[in-house]
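1. Can you look at this prediction? I've put the sequence above it.
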Amino acid sequence: MEQNIPAIYAAPLQGFTEAAWRNAHEQTFGGVDAYYTPFIRLEKGEVRNKDKREVMPGQNTVSHLIPQLVASEPEELNRLAGFLASQGYREIDVNMGCPFPLIANRGKGSGILPYPEKVSALLEEMRQLPEIRFSVKMRLGWQDADEWRQVLPLLNRSCVVQVTLHPRIGKQQYKGEVNHTAFKAFYEACELPLVYNGDLRTLEAVQELMEAYPRLKGVMLGRGLLADPSLARSICEGKAPDKATLYRQVAEMHRLMYEHYSWTIEGGEAQLLAKLKTMWEYLLPDMEKKPRKAILKSNRLDAYLRAVAEALR
């Protein structure tokens, strides 16, 4: 495996992989070549303040951050890319994969994939911004696993430097299996550096994938990395840490996230507690039931912090 270590990217997951998580993850675990931000978008013609804060260079300490945007129209892409460029970014990822109906039903995220002419217009707009390296993260389609067949030839001819594919359709969201047959067809037809994303939860799964698809540029870890923050480092080193080491590092990561949110959240203890509890939706799924329950049921910050310390001891 040593000679074939893929590039490892941390996926953008709305509500989970925010600056607090990214900064704390790199400081305690690392192993990630680049972190992607959850997408920024226009709302009533403006970049949302929440999105602006997330990509501000001062908020982020990771060594390589790639912001992501979501757009369905060239003008929208231009406005968002212009804002990101003003913050010093020269690499931008364009989301053509978001599966959530609120986004997809507006022809954004995976909802753009049935409309190759809209994809083409966005790609043409990217060409007008040669100072920026654009990549695309996408799914197989929105309703149909063959929608990519009209989109990939456009990407192959475009200025896009890399494609990340999650081999599900948008309608599936995260349910059901990934479509390995469709991924293989995409891999064979893709002329750009290709990154695989979807259901990679173990070191062995990544090793098998790289053996099956040796031309892959890399892997993007999402829920697997949220569940086991040591996963990227394990891929680099070819072995996973023991449970005691993992729990000690998770405790340190949690401490850093708690510090970050204590500084940045203005809504008091209840909001801080809600924010911290979010990470346990995925984190350490194999933890014993009783300590996990104590974490999730705590309704005061002091009780929550005690429960976390107890669980990770």
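-> Okay, I see it. Small disclaimer: the values here were computed from a predicted structure and weren't measured.

2. Report the rounded mean pLDDT for the lengthiest helix in the chain.
-> Determined from DSSP state H, the single longest helix within the chain is helix 243-264. The pLDDT scores in helix 243-264 average 97.

3. Who are the packing partners of the helix or strand following it?
-> Proceeding N to C from helix 243-264, the next assigned helix or strand is helix 268-278, under DSSP states H and E. The helices and strands touching helix 268-278, judged by 3 or more Cβ pairs under 8 Å, 6 or more residues apart in numbering; DSSP states H and E, are helix 243-264, helix 301-311. Placement of C-beta: from N, CA and C, glycine included.

4. If we use 6 Å, what do you get?
-> helix 301-311 (3 or more Cβ pairs under 6 Å, 6 or more residues apart in numbering; DSSP states H and E).

5. So for the helix it packs on, what gets flagged as buried?
-> L301, Y304, L305, A307, V308, A311 (16 or more other Cβ atoms under 10 Å).

6. you'd agree A145 is up against G170?
-> No - A145 is not in contact with G170 according to Cβ atoms under 6 Å; the separation is 10.5 Å.

7. re earlier: alpha carbons of the longest helix of the chain, as CSV, please.
-> Output in CSV follows, covering the C-alpha atoms of helix 243-264 (Å, rounded to 0.1, in the frame of the first residue of the first chain):
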residue,chain,number,x,y,z
LYS,A,243,-8.8,2.2,21.1
ALA,A,244,-7.1,4.0,24.0
THR,A,245,-5.1,6.2,21.6
LEU,A,246,-8.1,7.0,19.5
TYR,A,247,-10.2,8.0,22.6
ARG,A,248,-7.4,10.2,23.9
GLN,A,249,-7.1,12.0,20.6
VAL,A,250,-10.9,12.4,20.3
ALA,A,251,-11.0,13.9,23.8
GLU,A,252,-8.4,16.5,22.6
MET,A,253,-10.3,17.2,19.4
HIS,A,254,-13.4,17.7,21.4
ARG,A,255,-11.6,20.1,23.8
LEU,A,256,-10.4,22.2,20.8
MET,A,257,-13.9,22.3,19.3
TYR,A,258,-15.4,23.3,22.6
GLU,A,259,-12.9,26.2,22.8
HIS,A,260,-13.7,27.3,19.3
TYR,A,261,-17.5,27.3,19.8
SER,A,262,-17.1,29.0,23.3
TRP,A,263,-15.4,31.9,21.5
THR,A,264,-17.7,32.1,18.5
